[in-house]
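**Q** When you get a sec, could you give me coordinates for this:
(one chain, ligands or ions: 2)
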Amino acid sequence: MRLVAVAVPVPFLDLLTYNVPDSLAVPPIGARVRVPVGARTLTGCVVRHDALVEDGTDVKDIAEALDPEPLLPQSIVELCRWVADYYVAGIGDALAVAMPPGARRNGSAFRRQRIATLSAMGADPGEAAAQERESVRHQGLTSRQGAALQVLSASPAGLPTSELRERGITPAVLAGLIKRGLVVMRDERDERDPFERAAMTDVVPDANRVLTDEQERAAGELFALADAEQFRVALLHGVTGSGKTEIYLRLADRVRRSGRQVLLMVPEIALTPSMTALVRGAFGDRVAIQHSALSMGERHDQWHRIRRGEIDLVIGTRSAVFAPLDRLGLIIVDEEHDGSYKQEETPRYHGRDVAIMRASREHALVVLGSATPSMESYHNAATGKYIRITLERRVLDRPLAAVRLVNMRTEYADEGPEIVISRDLAAAIGERLACGDQALVLLNRRGYSTAVFCRQCGDTYECPNCSVSLTVHRARHGLHGSSEAGRGGWRARCHYCNYSVLVPTACRKCAAPYLEHAGFGTERIEEQLRERFPGARIGRVDRDSVRRKGTLTQILSKFAARELDVLVGTQMIAKGHDFPGVTLVGVISADVGLGLADFRASERSFQLLTQVAGRAGRGERSGEAIVQTLYPDHYSIQLACRQNYPGFFEREVVYRRRMRYPPFLALINGVVRGRTFEDAMQQAREIVRRLEPATAIGRFTVLGPAPAPLGRLRGEHRVQFFLKGTRRSEMRNALMQVVADMPEIRRRLTIDVDPLSVL
Ligand code: ADP
Ligand code: ZN
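**A** Ligands and ions are numbered 1, 2, ... in the order given. The predicted structure follows:
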């Protein structure tokens, strides 16, 4: 027998062994094959040639070999094996991330595809969820149709029918939904230029620009590292506006000239259009772009150009770390501290960490860039594991924004508890409007209010599926024809499961007309600014306002072109932008993240504040930031105001060491889901009990089980436990052993290695 080990796109499955029939040549590692799995035939990927089977096992034949040449380079297959192992995920899950879109389809995959999307009637996920419930009850949708709506609502860009079929959604189910007008189909176009949308600003790289002394020195050090053609990690720690992008471009150019390729990773492409434009300007056609907001067809085209070796530089988000480059010389991870590098679904990998692993295998240089490095990376630089390169000053000696703190307790005492925008901030915005400068206003909380309640009976809106209260939004109209409440209506929505319900004008319980809003989000800030500054041109950027494809780019380019005066938004406006017209940054509630029961809360607040303050004064005129807070003495707020990263690190590291948290120890988080709390708890206890013997010999401890902070999510109860120790491999092995012994637990257990968020 000629045996091969194949990864199939089925959650939790390990490698499966198949025989290659005599009629077929042995497919190479990285090639796709069609294989029988249960009653189905699936497209899998050959991972190993040295598969073994026990005597007497019934080994099935491969049904079909799809690629005479490997689709994935062997290096990427191996990287995926590492990801599956390190993050305790199925090998099929890991490989699915690296595969080009559409690769799971049969032979003819890579041409046109039929894409299913929710229709306008269900275009908004929240509406879809409500629609679904309603429909199931009133219009007799089948449960499979309901499930299909749920799947589609999670993919606003749509999904190809092939992929839907693999998730058990058949053409018949879709046909039923199309008939009801809930789903529409389209053919994916062939013509595409993914840069069209991204390249909005006319940024021209200036090859003659003279680097500052600091830039010169940093670039020199990095050039030397790149020339050595060895694996190294450099942390480029440069304050906001210190000109890191210029260094990236020159370094990338040098690596390209040496015949090697560059991978440039950014947290979110749409938020850094100027970076994309710069790279395009500098590298022309030999640039590819890889991120999930591209259409399937676009991604697919780009992927195959990379695979064919036509590309010198790939720019992309976390999944670009799997780009099939085979002469990799340099990986740049811009804003390396950014949480969006972590994938919050299986496989729960961290793009930066996979980048480092990849570079070490391919002898490449990694440059981690940030003004506010993660505790992990700065710690590694402090201990000498990484090379630290620092840029302490802004280019052209532009000063950092002067930061003013506004104590909101005083403000409430003087102005009443309703005040949202302080007097100082309002005055400063007024000044900017008067002289034609621009302002950014940050509030890291979307929606209109955080809750709505009845003053008479106290009725509140909570999610029936999750243990959170619903966020109130202005109801948008036109979604369901005229049936939605008109202007001024409210919709309460769960940000976790998308459940939503219209808020009537009178209390639904006692009919009293005294509904009151508590708390505030970006929608309310926008409204207040409009009332206060009627002539101002105001835009808003948060996940709700940019749901439609292209909207974000539109708003950002309008702001860049100075067609907007004020931009209100969540952390989306804090990232990496370079708007020279901004001379004022306002932060409405600097404390939003501080209350979270999360050991990274201070770090995150510090990063967000420092980054957003860094958006001010990047042009010729100096900038100012006004930060409203209830805790003006909190160290992360104080130190962010002074843009004092080393001071923050020194302080935070003491806490981390004392509490035995990362970077001093590694953490693995397990969450068990159950239909009842008792059920979830009992299973979690069983896992912890079975882990105990390993802790006696290993160097780790197990904490919990305990109810997760988000105790209920999407109708399921959640119980969590932690493994904490110095050796991840010991912890992982122990966990994998337990999971192997309790196969039925897999579908209910989520394992998160190096978790960023532990709700
Ligand atoms: P960072 O990414 O470090 O926050 P950027 O790379 O965005 O900073 O640079 C900040 C601004 O300074 C940009 O507008 C950039 O074009 C400009 N800049 C960078 N280097 C120079 C230089 N050597 N001379 C003049 N302007 C520069
Ligand atoms: Zn919910």
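
**Q** Show me the contact partners of the strand or helix carrying residue 637.
**A** For residue 637, the host element (DSSP states H and E) is helix 635-641. Residues outside helix 635-641 that contact it (C-beta atoms under 8 Å, 6 or more residues apart in numbering): 403, 405, 590-591, 594, 602-603, 605-606, 609-610, 613, 625, 627, 629, 631-632, 645, 647-648, 651-652. Using the backbone N, CA and C atoms, a C-beta is placed for each residue, glycine as well.

**Q** Which of those residues fall in helices?
**A** The helices, defined by DSSP state H, take in 602-603, 605-606, 609-610, 613, 645, 647-648, 651-652 from those.

**Q** hmm, which of the contacts of helix 635-641 are the buried ones?
**A** Among the contacts of helix 635-641, those scoring as buried are 403, 405, 590-591, 594, 602-603, 605-606, 609-610, 613, 625, 627, 629, 631-632, 645, 648, 651-652 (criterion: 16 or more other C-beta atoms under 10 Å).

**Q** Point to the residue nearest the middle of the protein.
**A** Nearest residue to the geometric centre of the chain (C-alpha atoms, centre = their mean): residue 340, 3.2 Å.

**Q** can you tell me which residues contact the closest residue to that one other than its chain neighbours?
**A** Nearest residue to residue 340 in three dimensions, chain neighbours excluded: residue 267, at 4.5 Å (C-beta to C-beta, 6 or more residues apart in numbering). Applying C-beta under 8 Å, 6+ apart, one finds that residue 267 lies in contact with 317, 334-335, 338, 340-341, 575-576.

**Q** re earlier: export the helix holding residue 637 as CSV, just CAs?
**A** What follows is helix 635-641, C-alpha atoms only, in CSV (Å, rounded to 0.1, in the frame of the first residue of the first chain):
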residue,chain,number,x,y,z
TYR,A,635,-1.3,55.2,35.9
SER,A,636,-2.2,54.1,32.5
ILE,A,637,-4.0,57.3,31.8
GLN,A,638,-1.3,59.5,33.4
LEU,A,639,1.5,57.8,31.5
ALA,A,640,-0.4,57.7,28.2
CYS,A,641,-0.8,61.5,28.5
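
**Q** which among the ones in helices among the contacts of helix 635-641 gets closest to ligand 2?
**A** Distance to ligand 2, by C-beta to the ion, is smallest for residue 605 among the ones in helices among the contacts of helix 635-641, at 25.4 Å.

**Q** my guess is that closest one contacts residue 595, does it?
**A** No. Counting by C-beta atoms under 8 Å, residue 605 stays clear of residue 595, with 10.0 Å between them.

**Q** Can you name the residue of the stretch 151-300 of the chain nearest to ligand 2?
**A** Closest contact between the stretch 151-300 of the chain and ligand 2, by C-beta to the ion, is at residue 153 (13.3 Å).

**Q** Look up the pLDDT of that residue for me, please.
**A** Note on residue 153: pLDDT of 77.

**Q** And residue 71, by the same measure?
**A** pLDDT at residue 71 comes out at 94.

**Q** How about the contacts made by the residue lying closest to it once chain neighbours are set aside?
**A** Distances taken as C-beta to C-beta, 6+ apart put residue 32 closest to residue 71, at 5.5 Å, once the chain neighbours are dropped. Residue 32 is in contact with 43-46, 65-67, 71, 103, counting by C-beta under 8 Å, 6+ apart.

**Q** First-to-last residue distance for stretch 279-291?
**A** Using C-alpha to C-alpha, to the nearest Å, the end-to-end distance of stretch 279-291 comes to 15 Å.

**Q** quick one: average confidence on the helix or strand hosting residue 225?
**A** Using DSSP H and E, residue 225 sits in helix 213-227. Here helix 213-227 scores 97 as its mean pLDDT.

**Q** Pull the residues that contact it.
**A** Residues contacting helix 213-227 (C-beta under 8 Å, 6+ apart): 211, 232, 234, 236, 238, 242-243, 246-247, 250-251, 254-255, 258, 329-330, 365, 367, 387, 389-393, 395.

**Q** ok, the residue in the stretch 451-600 of the chain positioned nearest to ligand 1 to residue 355 distance?
**A** Using C-beta to the nearest ligand atom, the single residue of the stretch 451-600 of the chain nearest to ligand 1 is residue 578, 4.3 Å away. Separation of residue 578 from residue 355 (C-beta to C-beta, to the nearest Å) stands at 24 Å.
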